[in-house]
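Enquirer: Coordinates only, no sequence provided:
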């Protein structure tokens with residue numbers, strides 16, 4: 001009986017959050033190593049479906065970097081990264097397109113098998129993500145910088161009562177396909193949709209004061225505190241672009257951003273519908 005009462009308490013705790021977020025858009029970016037974990041993938045999609053059924057509008061943007069790296073390596077090519085961006089030649093961009101399309105179709109199928117309609121969208125084919133070729137001292141090949149987001153195809157999918165699942169590829173004025181950083185794409189899409197929340201799923205607990213100590217999780221940060229932690233090298237390497245994506249979303253009008261551990265069972269629900277949360281929220 002006590003266990004049943006505890007479950008009721010959890011629902012009561014969630015109630016004010018459900019009321020506050022009804023009809024709001026949540027943009028969720030899913031990628032990294034956790035995208036290869038089948039059980040974690042199912043739990044994530046169950047969370048999205050829960051959001052959908054309580055009246056929240058989830059939008060999912062996925063990467064596929066580890067799968068792409070494995071495929072490139074199998075072809076005998078050495079994956080190359082400069083400042084976190086994949087050097088993408090003509091052969092690699094084809095692998096990127098194929099891999100992201102496979103992942104997209106799988107996620108859409110899994111959502112529909114769980115009882116909700118989903119719609120796969122391609123940032124390039126559906127003309128959502130417009131880009132220019134990335135510039136720099138080194139030519140990265142088919143890597144794009146976002147110039148504009150067209151949110152209309154996503155809004156149409158939401159009006160159709162489906163969960164949009166988006167491939168982060170962009171199209172340039174030259175009509176060519178460009179690889180786009182998925183964190184940056186998700187952040188820009190969140191701004192274009194005037195999302196209530198932007199949620200980044202990672203394979204760490206969030207932002208840690210000590211990278212070696214998972215108990216040193218920082219639960220809430222503002223922009224000024226984030227900049228100080230970057231300067232002190234507490235936030236470093238791969239976490240910096242994720243934090244920058246959160247700051248860009250906040251600057252563009254998104255209310256709150258979250259970096260949470262996608263390996264944890266029902267991480268999104270625990271972060272959104274409980275008083276303590278389980279990751280790091282970054283606010284203005």
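Expert: Cool, the structure landed. Everything quoted here is computed from the prediction, not taken from an experiment.
Enquirer: Endpoint to endpoint, stretch 76-91 covers what distance?
Expert: 12 Å (Cα to Cα, to the nearest Å).
Enquirer: How far does that stretch sit from its chain's centre?
Expert: 21 Å (Cα atoms, centre = their mean, to the nearest Å).
Enquirer: next one: stretch 64-83
Expert: Distance, centroid of stretch 64-83 to centroid of chain: 20 Å (Cα atoms, centre = their mean).
Enquirer: Roughly how far does the closest residue to residue 207 other than its chain neighbours sit from residue 243?
Expert: Excluding the flanking residues, the one nearest residue 207 by Cβ to Cβ, 6 or more residues apart in numbering is residue 280, at 4.3 Å. Yep, even glycine has a C-beta here, placed from its N, CA and C like the rest. From residue 280 over to residue 243 the distance is 9 Å, taken as Cβ to Cβ, to the nearest Å.
Enquirer: Spell out which residues are contacts of both of these two.
Expert: 207, 259 (Cβ atoms under 8 Å, 6 or more residues apart in numbering).
Enquirer: More neighbours: these two, which one.
Expert: Using other Cβ atoms under 10 Å as the criterion, residue 280 and residue 243 rank with residue 280 on top: 27 against 23.
Enquirer: Can you name the residues bridging to the more buried one?
Expert: Here residue 280 sits in beta bridges with residue 259, going by DSSP bridges.
Enquirer: Please enumerate the strands of the protein.
Expert: 25-30, 57-62, 81-82, 85-86, 118-122, 129-133, 144-149, 163-167, 169-172, 177-179, 197-202, 220-222, 256-261, 280-283 (DSSP state E).
Enquirer: give me the beta-bridge partners of the residue positioned nearest the centre of the chain?
Expert: In the chain, the centroid-proximal residue (Cα atoms, centre = their mean) is residue 29; its distance is 0.9 Å. Residue 29 has these beta-bridge partners by DSSP bridges: residue 61, residue 200.
Enquirer: Would you confirm that it contacts residue 199?
Expert: Yes: under the criterion of Cβ atoms under 8 Å, residue 29 makes contact with residue 199 at 7.1 Å.
Enquirer: What are the contacting residues of the helix or strand bottoming out on mean pLDDT in the chain?
Expert: Least confident element among the helices and strands of the chain, by mean pLDDT, DSSP states H and E: strand 81-82 (a mean of 74). For strand 81-82, contacts defined as Cβ under 8 Å, 6+ apart pick out 87, 136, 138, 140.
Enquirer: if you set the cut-off to 10 Å instead, what comes out?
Expert: Applying Cβ atoms under 10 Å, 6 or more residues apart in numbering, the external contacts of strand 81-82 come out as 65, 69, 87, 134, 136, 137, 138, 139, 140, 143.
Enquirer: And the helices in the stretch 101-250 of the chain, which stretches?
Expert: 152-159, 182-192, 223-231, 239-251 (DSSP state H, counting those that start in this stretch).
Enquirer: follow-up on the earlier one: mean pLDDT lowest where, among the strands of the chain?
Expert: Least confident of the strands of the chain, judged by mean pLDDT, is strand 81-82 with a mean of 74.
Enquirer: Show me what that strand pairs with in its sheet, parallel or antiparallel.
Expert: Partners of strand 81-82 in its sheet, by DSSP bridges: strand 85-86 (antiparallel).
Enquirer: which residues touch the partner strand?
Expert: Contacting residues not belonging to strand 85-86 are listed as 65, 68-69, 72, 79-80, 92-93, 96, 134, 136, 138, 140-143, 145, 179-181, 184, 241 [Cβ under 10 Å, 6+ apart].
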